[in-house]
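[1] here's my sequence, what's the structure:
(one chain, ligands or ions: 2)
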Amino acid sequence: MSTSPVKVAVTGAAGQIGYSLLFRLASGSLLGPDTPIQLRLLEITPALKALEGVVMELDDCAFPTLDSVEIGDDPNHIFDGANLALLVGARPRTKGMERGDLLEANGAIFTAQGKALNEVAADDIRIGVTGNPANTNALIAMKNAPNIPADRFTALTRLDHNRAISQLAAKTGAKVSDISKMTIWGNHSATQYPDIFHAEIAGRNAAEVVGDQAWIENDFIPTVAKRGAAIIEARGASSAASAASATIDAARDWLQGSAEGDWVSMAVASDGSYGVPEGLISSFPVTTKNGDWEIVQGLEIDEFSRARIDASVAELAEERDAVSQLGLI
Ligand SMILES: NC(=O)C1=CN([C@@H]2O[C@H](COP(=O)(O)OP(=O)(O)OC[C@H]3O[C@@H](n4cnc5c(N)ncnc54)[C@H](O)[C@@H]3O)[C@@H](O)[C@H]2O)C=CC1
Ligand SMILES: O=C([O-])CC(=O)C(=O)O
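    Ligands and ions are numbered 1, 2, ... in the order given. Model prediction:
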């Protein structure tokens, strides 16, 4: 192992997602087998004892890539020198709630954490927000960290992206590895727009391969958009292992680059592309390289897609206004 260690902070580390995420991080799924990882784990004080138990299990795995683990309840200490912060810690929704119902409960967490990151994170910090409502939590953290460039904040729509690929593969009989250029637009919520009009299956246009507009409208889009609720209904708890996996996919591609000829979905601060108001954290098709991202330009947006993107973006603007009224940004 030759490279120097990377400091990765994870919040909500004693939670459901944490229980899957930490072991994947420690075993090299994010940085590969040659880069040691230093885990910095943040929890609220009452959860620290449970977190100690998780750290005992991490020790017991004897992962060669795990350089060190530090736990605590003070973001200013845990984020100190962090190169990557995965902000997972937040209350999950339960049956019957929409993710936006969590705005007030979770918003305060991201104000404090944005401020702490602003103070103590490393200069190359990258921040991925998984905790819901992810887009607006990322906006809150970004607005509370004025010294960190806005393009260092992203929110997770990779789980939606992966769900969309999986649904499309099941419908067409294609392998997931044959599907490229999937896009999730907008909010990580029921208004999101999974778009297969630019996606490809083994190089052919996915919507043409499907050839079934009714399936796209009445089956594919709602299934992907409401998958989180379906999992809560079935499992009695929100998705965890798949969310951890997507959190790693997103961070890995951000740091190491998206595949040649493909793109990924990430919620990033809009620069006004595709008519999304500047500054909203909205999901776009992006290419990534060495910790930078770029919104894919020039995609043709027809009326069907336009209406769905606009609806999701309108919801993001409402969420922004709500947290602004709460004094969080
Ligand atoms: N963006 C996405 O695709 C997905 C997002 N989520 C969201 O991720 C979040 C976490 O989900 P789970 O792990 O299932 O929840 P969980 O309730 O099992 O764990 C959350 C953890 O966060 C901790 N926490 C609360 N406030 C904190 C703070 N200020 N600092 C540090 N830690 C804090 C809690 O003590 C708890 O251990 C939820 O908001 C959930 O809705 C879940 C699935 C997918
Ligand atoms: O639906 C939820 O509340 C959890 C989540 O974000 C998802 O599974 O996509």
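[2] tell me the pLDDT of the residue in the chain that ligand 1 sits nearest to.
    For the chain and ligand 1, the shortest gap (CB to the nearest ligand atom) falls at residue 15, measuring 1.9 Å. C-betas here are computed from N, CA, C, even on glycine. What the model reports as pLDDT for residue 15 is 98.
[3] can you list the domain ranges for this protein.
    6-155, 158-319 (automatic domain parsing).
[4] for residue 131, which non-adjacent residue is spatially closest?
    Setting aside the residues directly before and after it, residue 131 is nearest to residue 90 in space (CB to CB, 6 or more residues apart in numbering), at 3.0 Å.
[5] repeat for residue 4
    Using CB to CB, 6+ apart, the closest residue to residue 4 is residue 36 (7.7 Å).
[6] gap between residue 312 and residue 268?
    15 Å (CB to CB, to the nearest Å).
[7] residue 20 too?
    From residue 20 to residue 268 the distance is 25 Å (CB to CB).
[8] of these two, which one has the most company?
    With other CB atoms under 10 Å as the criterion, residue 20 and residue 268 differ in neighbour count, and residue 268 comes out ahead with 27 against 18.
[9] remind me what the helix or strand where residue 60 lies packs against, helices and strands.
    Using DSSP states H and E, residue 60 maps to helix 48-61. Packing partners of helix 48-61 (3 or more CB pairs under 8 Å, 6 or more residues apart in numbering; DSSP states H and E): helix 16-26, strand 37-42, strand 66-72.
[10] can you report how many residues lie near the closest residue to ligand 2 within the stretch 1-150 of the chain?
    Proximity of the stretch 1-150 of the chain to ligand 2 (CB to the nearest ligand atom) peaks at residue 93, 4.2 Å away. Residue 93 sits with 20 neighbouring residues when counted by other CB under 10 Å.
[11] residues touching it, list them.
    Shown in contact with residue 93 (CB atoms under 8 Å, 6 or more residues apart in numbering): 99, 101-102, 132, 232, 238.
[12] run the last query once more with 10 Å
    Going by CB atoms under 10 Å, 6 or more residues apart in numbering, residue 93 touches 99-102, 105-106, 132-133, 228-229, 232, 238.
[13] select only the buried ones of those in ChimeraX?
    Buried subset of those, written as a ChimeraX selection, criterion 16 or more other CB atoms under 10 Å:
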select :99,100,102,106,132,133,228,229,232,238
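[14] near ligand 1 too, which of the contacts of residue 93?
    Filtering those for proximity to ligand 1 by CB under 6 Å from any ligand atom leaves 132, 238.
[15] tell me the one among the contacts of residue 93 nearest to residue 201.
    Using CB to CB, residue 228 is the member of these that lies nearest residue 201, at 25.1 Å.
[16] the closest one contacts residue 188, correct?
    Yes. In terms of CB atoms under 10 Å, residue 228 counts as a neighbour of residue 188; the distance is 8.5 Å.
[17] so how far is residue 29 from residue 109?
    26 Å.
[18] likewise for residue 223?
    Distance from residue 223 to residue 29, by CB to CB: 27 Å.
[19] and residue 94, how many neighbours?
    The tally of other residues near residue 94 (other CB under 10 Å) stands at 11.
[20] tell me the residues on the stretch 201-329 of the chain that lie near ligand 1, please.
    Going by CB under 6 Å from any ligand atom, the residues of the stretch 201-329 of the chain near ligand 1 are 238-240, 243.
[21] one more time with 8 Å, if that's ok
    The stretch 201-329 of the chain comes close to ligand 1 at residues 228, 237-240, 242-243, 246-247, as judged by CB under 8 Å from any ligand atom.
[22] who touches residue 113 in this structure?
    Applying CB under 10 Å, 6+ apart, the residues near residue 113 are 9, 11, 42, 75-76, 78-79, 85, 87, 89-90, 127, 129, 131, 137, 140-141, 144-145.
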